[in-house]
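Peer 1: Structure for this input, please:
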Amino acid sequence: MNVINIPEVSVVIAVKNRSQYLFEALRSLKSQIFKNWECIIVDDYSDENIEDVVNKMEDVRFQYFRNPGSGGISSARNYGNSKAKSNWIAVADSDDINMPRRLLVSMEHIKNNPDADMIYGGVCSFEDGSYNLLGILISSESATAIQLLFAFELP
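Peer 2: Next comes the predicted model:
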């Protein structure tokens, strides 16, 4: 009997011409403690060979797609979301370095907060060669709270 392993979380990365950062971003995902994930990389018509970078991972969890229409990052992310096999989407940028426990902590938070429709976390900045911690946060929101969060324009 064949068992189909459906990933618990799909990481979607939209990329255009950032191969110099993408390899490290993918390597950080490959180092996750939590192993039941897939990563969908959507190339938004790069001039660089993004597919080669993805293939260097030698891991079937990394899946390369080319955006069928060059519509920018939103279009590429939406296309990636449509390819996701899991119920949860984790967004990452092509220059993100994911800490080894990112997906583990996120999935534990989801399991402990079954009414959450969205979770979000913190970010560290590596600007100017420094390692500036901008914040650590793991929280969740219901659909109503999400609607309220996005009901107002940000300054």
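Peer 1: Show me the chain divided up by domain.
Peer 2: Following automatic domain parsing, one finds the domains of the chain at 9-96, 113-155.
Peer 1: okay, the ones you listed in TSV with mean neighbour count, distance to residue 102 and mean pLDDT next?
Peer 2: C-beta: built from backbone N, CA, C; applies to glycine. TSV is the format used below for these (neighbours: other C-beta atoms under 10 Å; distance: least, C-beta to C-beta, whole Å; pLDDT from 0 to 100):
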stretch	mean neighbour count	distance to residue 102	mean pLDDT
domain 9-96	17	7	94
domain 113-155	11	7	56
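Peer 1: Adding distance to residue 105, write those domains out as CSV.
Peer 2: Compiled in CSV, those are given as follows (distance: least, C-beta to C-beta, whole Å):
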stretch, distance to residue 105
domain 9-96, 8
domain 113-155, 6
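Peer 1: among the ones you listed, which is nearest residue 107?
Peer 2: Closest approach to residue 107 among these is made by domain 9-96 (5.8 Å; C-beta to C-beta).
Peer 1: Distance from the chain centre to that closest one, please.
Peer 2: 7 Å (C-alpha atoms, centre = their mean, to the nearest Å).
Peer 1: Now residue 106, what are its backbone angles?
Peer 2: The phi/psi pair for residue 106 (degrees, to the nearest 10) reads phi -60, psi -50.
Peer 1: Pull the contacting residues for it.
Peer 2: Residue 106 sits next to 9, 90, 119, 121, 138 when contact means C-beta atoms under 8 Å, 6 or more residues apart in numbering.
Peer 1: Looking at the residues you listed, which are in strands?
Peer 2: Applying DSSP state E to the contacts of residue 106, the entries found in strands are 9, 90, 119.
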